[in-house]
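Enquirer: need coordinates for the below:
(chains A and B)
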Amino acid sequence: MDTKTLISLAVSAVLIGWAFWVVSPQSNAGGDTPVAPTAIIVDGKQVVDITAKGGYSPRVVVAKAGVPTLLRVRTNGTFDCSASVVIPKLSYQKFLQPSAVEEIPISAEQAQGTLQGLCSMGMYNFQIKFQ
Amino acid sequence: MNEKTSYEFHVQGMHCKACTLLIEEAFKELPHVEEAHVSLAEHRVHVTGAFTGTPEEVAAELTELIQSHGYTLSVEQQVHQAGWGDFVYALPIAFALIAALLLLQKAGLTSFITGSDVSYGTAFLIGLIASVSSCLAIVGGLVLSLSAESAREGGTWRTPTLFHVGRLGGFFILGGVVGLIGNSFHLSLVANVVLSSIVALVMFILGLNLLDVFRFTKRFQLTLPTVFSRLIMRGSRRDHYFAPALIGVGTFFLPCGFTQSMQLYALSTGSFMQGALTMTVFALGTLPVLALLSFGALTIAHKPWKGVFFKTAGIIVITLAIVNGANALATVGIINPLFNF
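Expert: Residues are numbered from 1 along each chain as shown, chains lettered A, B, ... in the order given. Next up is the predicted model:
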């Protein structure tokens, strides 16, 4: 292997590594706070607020397991894929209005483990961790 | 009049069914050629006619006719040039471009869109943003792989032009229909996933072909042609106007979040003209980047460093295909999401 090949491979490896770090669902490269925010309780009901615009924010929310929960997805001039919410476990799929708040009820039985939500093309995702 | 003689030559640069037709027709246009038969499997051409000169001279004479398309004839079989050396440049270039694309995703382009009212200006802006963001992975990837493949086969400027005309026209008419009948073409989640997977698979195979390294993909090409060569790749032939335009129209249905939101808006307008114009303006917004990809591929295909370009395009297309495939699987909950852009 000559020097040129080595440089080429090294540059490629660095770029691939960086790319994986940026897009890995666990990374905080998106600017999220390292500590996942927790769900809030409104009138005795657990509520999770998520903003959908160019991705989901916050990406990870911690909530209490086994409690009926309301997931509120807020759109604000959202025309990208994140307006198309898919939650495989709930068999939920809806194309949200560009600017609105969508309320998605999660029953106590469904509020277990990790609930994964994605946009319909799969490039953005969010998680609700029931603990 | 010379005596009729038959020759067998080896063909370099031939990849698909469409190429064989192209070469055969180019040869038959010569008055002194009586018969020409190209075998794709053996990469050979058999010609009969009233030739003069040595076999080498005949090969040179015939090569002149097809050189512009990237094919050459030789008397002796030449070793398949995989062009591994091109990877030294193609690999870092490809991953640098992918990294640049990722940075664009992280730049928060969507924050430029404010409010939920869609003026034609907003529709154009959304189109511009869509063409450099997530949609690029599907629509742009498909455009790049198809135009690079078509360019490699000797396609002309006509193929991408027809594609773009088809895309704009399709968005106008289908956008109008959506506005008029108030029924959008939203595909169900399953259809979305199936479509994404097919696009990912096509991109993967086209990407492998662009790399031009693996012999086995030639077999894929032998199985694909009946479906694709006729529809897609023969678009590079002069008598085919329909196929590239049809693919352009088809991009209306490609799973792309931005396109789907615009369709949703067109649906809410309740009027043919408003729906049609909104979708057309959106498509116009995506045009600069898509045109750059398709016409760029065409121009570069005839440059000396085309080997590096095709391999770069191949790596990018394969990467996008893998990302699209993984995303499609994650959407139905089969695997956990691997990426978050």
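
Enquirer: list the buried ones in whichever strand or helix holds B:V47?
Expert: According to DSSP states H and E, B:V47 maps onto strand B:44-49. Burial within strand B:44-49, assessed by neighbour count using 16 or more other CB atoms under 10 Å in any protein chain shown, is assigned to B:R44, B:V45, B:V47, B:G49. Bear in mind the C-beta positions are built from the backbone N, C-alpha and C, glycine included.

Enquirer: tell me where chain A has helices.
Expert: Ranges of helices within chain A are A:3-23, based on DSSP state H.

Enquirer: got the domain ranges for it?
Expert: A:1-31, A:33-130 (automatic domain parsing).

Enquirer: go through the ones you listed and pick out the most buried.
Expert: Most buried of the domains of chain A, by mean neighbour count (mean count of other CB atoms under 10 Å in any protein chain shown): domain A:33-130, with a mean of 19.

Enquirer: what's the helix or strand following the strand holding B:V47 in contact with?
Expert: Using DSSP H and E, the helix or strand that follows strand B:44-49 towards the C-terminus is helix B:55-66. By CB atoms under 8 Å, 6 or more residues apart in numbering or on different chains, the surrounding residues in contact with helix B:55-66 are B:7, B:9, B:22-23, B:26-27, B:29-30, B:45, B:47, B:51, B:53, B:71-75, B:154.

Enquirer: which among those end up buried?
Expert: B:7, B:9, B:22-23, B:26-27, B:30, B:45, B:47, B:51, B:71-73, B:154.

Enquirer: what is the nearest of the residues you listed to chain A?
Expert: Comparing these against chain A with CB to the nearest CB places B:T72 closest, at 27.7 Å.

Enquirer: mind listing what the closest one touches?
Expert: By CB under 8 Å, 6+ apart, the neighbours of B:T72 are B:V11, B:Q12, B:G13, B:T63, B:I66.

Enquirer: so in terms of bridging, what pairs with it?
Expert: B:Q12 (DSSP bridges).

Enquirer: pLDDT wise, what is it at?
Expert: In this model, B:T72 is scored at 80, pLDDT.

Enquirer: and if you look at B:L267?
Expert: At B:L267, pLDDT is 82.

Enquirer: do you know how far it is from chain A?
Expert: 10 Å (CB to the nearest CB, to the nearest Å).

Enquirer: so that residue belongs to a helix, correct?
Expert: Yes - B:L267 forms part of a helix when assessed by DSSP: H, G, I helix; E, B strand; the rest coil.

Enquirer: burial check on it, number of neighbours?
Expert: Per other CB atoms under 10 Å in any protein chain shown, the neighbour tally for B:L267 reads 19.

Enquirer: returning to what we had before: nearest to A:T69, of the buried ones among the contacts of helix B:55-66?
Expert: Distance to A:T69 across the buried ones among the contacts of helix B:55-66 (CB to CB) is lowest for B:G154, with 59.5 Å.

Enquirer: can I get the domains of chain A in CSV including mean pLDDT and distance to chain B?
Expert: Shown next, in CSV, are the domains of chain A (pLDDT from 0 to 100; distance: least, CB to the nearest CB, whole Å):
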stretch, mean pLDDT, distance to chain B
domain A:1-31, 75, 4
domain A:33-130, 86, 3
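
Enquirer: with distance to B:N340 added, can I get these in TSV?
Expert: Listed next are those as TSV, based on distance: least, CB to CB, whole Å:
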stretch	distance to B:N340
domain A:1-31	4
domain A:33-130	5
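
Enquirer: so for B:K303, which of the ones you listed sits nearest?
Expert: The nearest among the domains of chain A, by CB to CB, is domain A:1-31 at 20.3 Å.

Enquirer: state the helix or strand in which the spatially most central residue of chain B lies.
Expert: In chain B, the centroid-proximal residue (CA atoms, centre = their mean) is B:L146; its distance is 0.8 Å. Assigned by DSSP H and E, B:L146 belongs to helix B:141-152.

Enquirer: who's in contact with that helix?
Expert: Contacts for helix B:141-152 (CB under 8 Å, 6+ apart): B:15, B:70, B:155, B:159-160, B:163, B:199, B:202-203, B:206-207, B:209-210, B:232-233, B:235-236, B:244, B:247, B:251, B:254, B:290, B:293-295, B:297-298, B:300-301, B:309-310, B:313-314, B:316-317, B:320-321, B:324.

Enquirer: check stretch B:178-198 too.
Expert: A:86, A:93, A:95, A:120-122, B:138, B:174, B:252-255, B:260, B:263-264, B:266-267, B:269-276, B:278-279, B:324-325, B:327-328, B:331-332.

Enquirer: so of those residues, which ones are in helices?
Expert: Per DSSP H, those map to helices at B:174, B:260, B:263-264, B:266-267, B:269, B:272-276, B:278-279, B:324-325, B:327-328, B:331.

Enquirer: residues of the stretch 101-250 of chain B that sit close to chain A?
Expert: For the stretch 101-250 of chain B, the residues in contact with chain A (CB under 8 Å from any CB of the partner chain) are B:102, B:106, B:108-111, B:113-116, B:118, B:126, B:129-130, B:133-134, B:137-138, B:186, B:188-189, B:192, B:196.

Enquirer: restricted to helices, list the residues you listed.
Expert: Per DSSP H, these map to helices at B:L102, B:K106, B:I126, B:I129, B:A130, B:S134, B:L189, B:N192, B:S196.

Enquirer: pLDDT for those residues - can I get that in CSV?
Expert: Formatted as CSV, these follow (pLDDT from 0 to 100):
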residue, pLDDT
B:L102, 80
B:K106, 74
B:I126, 87
B:I129, 86
B:A130, 85
B:S134, 70
B:L189, 73
B:N192, 76
B:S196, 82
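
Enquirer: and those residues, which two are furthest apart?
Expert: Taking CB to CB, no two of these sit farther apart than B:K106 and B:L189, at 26.9 Å.

Enquirer: quick one, which of these two is more surrounded?
Expert: Neighbours around B:K106 and B:L189, counted as other CB under 10 Å, are more numerous at B:L189. The numbers are 18 against 15.

Enquirer: show me what contacts B:G127?
Expert: So B:G127 contacts B:F258, B:V281, B:F282, B:A283, B:L284, B:G285, B:T286, B:L287 (CB under 8 Å, 6+ apart).

Enquirer: tell me the pLDDT of the second one.
Expert: In this model, B:V281 is scored at 94, pLDDT.

Enquirer: where does it sit: helix, strand or coil?
Expert: Taking three-state DSSP, the label given to B:V281 is helix.

Enquirer: out of the contacts of helix B:141-152, list just those in helices.
Expert: Those of the contacts of helix B:141-152 lying in helices (DSSP H): B:159-160, B:163, B:199, B:202-203, B:206-207, B:209-210, B:244, B:247, B:290, B:293-295, B:297-298, B:300, B:309-310, B:313-314, B:316-317, B:320-321, B:324.
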